[in-house]
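J.: Sharing a model that was predicted from the sequence below.
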Amino acid sequence: MPGLTLTLEERASLKLAQETVVEAKALGLTFHTADGPVQALSGVDLTIGKGEFVSFIGPSGCGKTTLLRVIADLEKPTSGTISINGMSAEQARERRAYGYVFQASALLPWRTIERNVALPLEVMGVARAEQGERIRRTLELVNLSGFEKKYPWQLSGGMQQRASIARALAFDADLLLMDEPFGALDEIVRDHLNEQLLKLWARTDKTICFVTHSIPEAVYLSTRIVVMSPRPGRVTDVIESTLPRERPLDIRETPEFLAIAARVRDGLRAGHSYED
Ligand SMILES: Nc1ncnc2c1ncn2[C@@H]1O[C@H](COP(=O)(O)OP(=O)(O)OP(=O)(O)O)[C@@H](O)[C@H]1O
């Protein structure tokens, strides 16, 4: 990767931590607001291994986005520790260890779709010729071939979100942080992108952290589902999926799928009653 220079010591510590991508220990975050402190996260312990697909599910405001933002070094924890690939979140951000897909598409309105997707590649110093090929491939993956020269405002909201997913994929980081990326899309497009994302994950060995409100989406996509409680967000259950990696969409009608979904629903309910 251009611009990535590691000392020998850093290389050794990276190798040691190779299998663990995200490690949170007793992680807490309290926002200090004009109305007083808001405790968004409390005592979060979590280890995510290379190649896992981990979904975070929980009620609105329970800290899912905050947790993703801490992993991305967009927020600093106020207690506990977080490491990414054995590095601090700050070092990982500086080394561009992850791609991030936001809830809203966050495309730059003055750039065409292809130049938006090219943005992280430009930052990384990828040669223009290679940029073209990567842009073509990733736009194809999200069904946006032919829209390269359009501006974001010329696309529907769903298409804009697909373009922002393409931007995070073009980057080709090992870790993808996705914050409800499909929440605004209609169900058919969402199903298609869920399938595409699983295929991409299976092919690339990427580690994916995925925030969602949808139980079926979490169960369909994940190797593990992290259930969080209402604020302050704590991890109340971690459910290992028993589904095979190869998952056609109709797996969602199987008893095994429904059993996992029921367990997630129970976990969400248990989290709620904890608050009472
Ligand atoms: N910058 C901030 N300053 C103050 N409070 C914040 C800030 N960011 C988030 N919060 C609060 O922290 C809590 C957790 O927010 P967060 O966005 O992480 O929840 P969430 O689970 O992602 O919610 P949703 O599912 O609705 O997207 C909320 O109560 C929110 O209002």
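T.: Nice, thanks for sending it over.
J.: in which helix or strand would I find Gln196?
T.: Gln196 belongs to helix 187-204 when elements are defined using DSSP states H and E.
J.: Report the beta-bridge partner residues of Ile57.
T.: Bridge pairing for Ile57 (DSSP bridges) gives the partners Val227.
J.: check contacts around it.
T.: Residues near Ile57 by Cβ atoms under 8 Å, 6 or more residues apart in numbering: 64, 211-215, 218, 225-228, 264, 268. In short, each C-beta sits where N, CA and C put it, glycine included.
J.: picking that back up, in the helix holding Gln196, what counts as buried?
T.: Residues 189-194, 196-198, 200-201 are the ones in helix 187-204 that count as buried (16 or more other Cβ atoms under 10 Å).
J.: Over to stretch 153-173?
T.: Using 16+ other Cβ under 10 Å as the burial criterion, the residues of stretch 153-173 that qualify are 155, 158-173.
J.: roughly how far is that stretch from the heart of the chain?
T.: Relative to the centre of its chain, stretch 153-173 is centred 14 Å away, using Cα atoms, centre = their mean, to the nearest Å.
J.: Repeat that for stretch 20-29.
T.: From the chain centre to the centre of stretch 20-29 is a distance of 15 Å (Cα atoms, centre = their mean).
J.: Go through it and flag the buried ones.
T.: Here stretch 20-29 shows 20-24, 27-29 as buried, counting by 16+ other Cβ under 10 Å.
J.: Name the residue of the stretch 151-276 of the chain that lies nearest to the ligand.
T.: The nearest approach of the stretch 151-276 of the chain to the ligand comes at Arg231, 5.2 Å away (Cβ to the nearest ligand atom).
J.: That residue: how many residues sit nearby?
T.: Applying other Cβ atoms under 10 Å, we find 19 residues neighbouring Arg231.
J.: Could you number the chain from 45 rather than 1 from now on?
T.: Fine by me, first position is 45 from now on; the one you just mentioned is Arg275.
J.: Show me which of the contacts of Ile101 are buried.
T.: Counted by 16+ other Cβ under 10 Å, these give 108, 255-256, 258-259, 262, 269-272, 308, 312 as buried.
J.: how about those residues in TSV, adding distance to Phe97?
T.: Compiled in TSV, the buried ones among the contacts of Ile101 are given as follows (distance: Cβ to Cβ, whole Å):
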residue	distance to Phe97
Lys108	16
Val255	12
Thr256	12
Ser258	15
Ile259	15
Ala262	10
Ile269	10
Val270	11
Val271	15
Met272	17
Val308	15
Leu312	19
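J.: out of the residues you listed, who's near the ligand?
T.: Lys108 (Cβ under 6 Å from any ligand atom).
J.: Out of the buried ones among the contacts of Ile101, flag the one nearest to Ala141.
T.: Val255 (18.2 Å; Cβ to Cβ).
J.: My understanding was that the closest one contacts Cys106; is that so?
T.: No - Val255 lies out of contact with Cys106 (Cβ atoms under 8 Å); the separation is 10.3 Å.
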